[in-house]
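*Asks:* This is the structure alone, sequence omitted:
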Ligand SMILES: [Zn+2]
């Protein structure tokens with residue numbers, strides 16, 4: 001039988017490595033014993049994941065999607081055109097209209113201003 005760690009065909013003994021029973025040789029068993037202690041890796045918050053916009057609870061009117069859709073249609077704009085006007089992706093505008101996403105406060109403001117509508121619940 002071969003050592004499950006190094007593959008050496010030698011005398012094996014069962015040892016637990018990280019709670020997993022393995023048949024290993026004397027060398028590996030010794031190594032495992034020494035390196036068994038692994039200091040816990042602290043879970044660091046990823047500092048690069050800073051939000052683009054400051055989070056701000058936006059409470060929207062229940063029919064915000066319809067309001068955008070109507071105002072957009074009145075101006076004769078497509079999703080794509082509106083998206084370009086407010087510097088957003090078309091998919092964001094579509095999802096916003098369908099109520100599938102809660103957009104950032106900044107986007108709500110931009111759309112409100114551009115379409116001259118009210119989206120935030122006052
Ligand atoms: Zn081994």
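*Replies:* Received the coordinates, thanks. The shown structure was predicted, so the numbers you read here are calculated from the model rather than taken from an experiment.

*Asks:* From here on, just use CA atoms for contacts and neighbour counts.
*Replies:* OK.

*Asks:* Let me know how buried residue 65 is, in neighbour terms.
*Replies:* 19 (other CA atoms under 10 Å).

*Asks:* Which of the helices or strands spans it?
*Replies:* helix 64-74 (DSSP states H and E).

*Asks:* what residues are up against residue 1?
*Replies:* 9-10, 12 (CA atoms under 8 Å, 6 or more residues apart in numbering).

*Asks:* Now list the buried members of these.
*Replies:* residue 12 (16 or more other CA atoms under 10 Å).

*Asks:* so of the contacts of residue 1, which ones are in helices?
*Replies:* Among the contacts of residue 1, DSSP state H puts none in helices.

*Asks:* how about the following helix or strand past the helix holding residue 65: buried residues?
*Replies:* Moving toward the C-terminus from helix 64-74, the next helix or strand (DSSP H and E) is helix 79-85. Residues of helix 79-85 classed as buried: 79, 81-83 (neighbour count, 16+ other CA under 10 Å).

*Asks:* Check those against residue 97 and report the nearest one.
*Replies:* residue 79 (9.3 Å; CA to CA).

*Asks:* Dump the buried residues of helix 79-85 into CSV; add pLDDT as well.
*Replies:* Below are the buried residues of helix 79-85 laid out as CSV (pLDDT from 0 to 100):
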residue, pLDDT
79, 96
81, 97
82, 97
83, 96
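
*Asks:* near the ion, which of those show up?
*Replies:* Checked against the ion using CA under 5 Å from the ion, those yield no neighbours at all.
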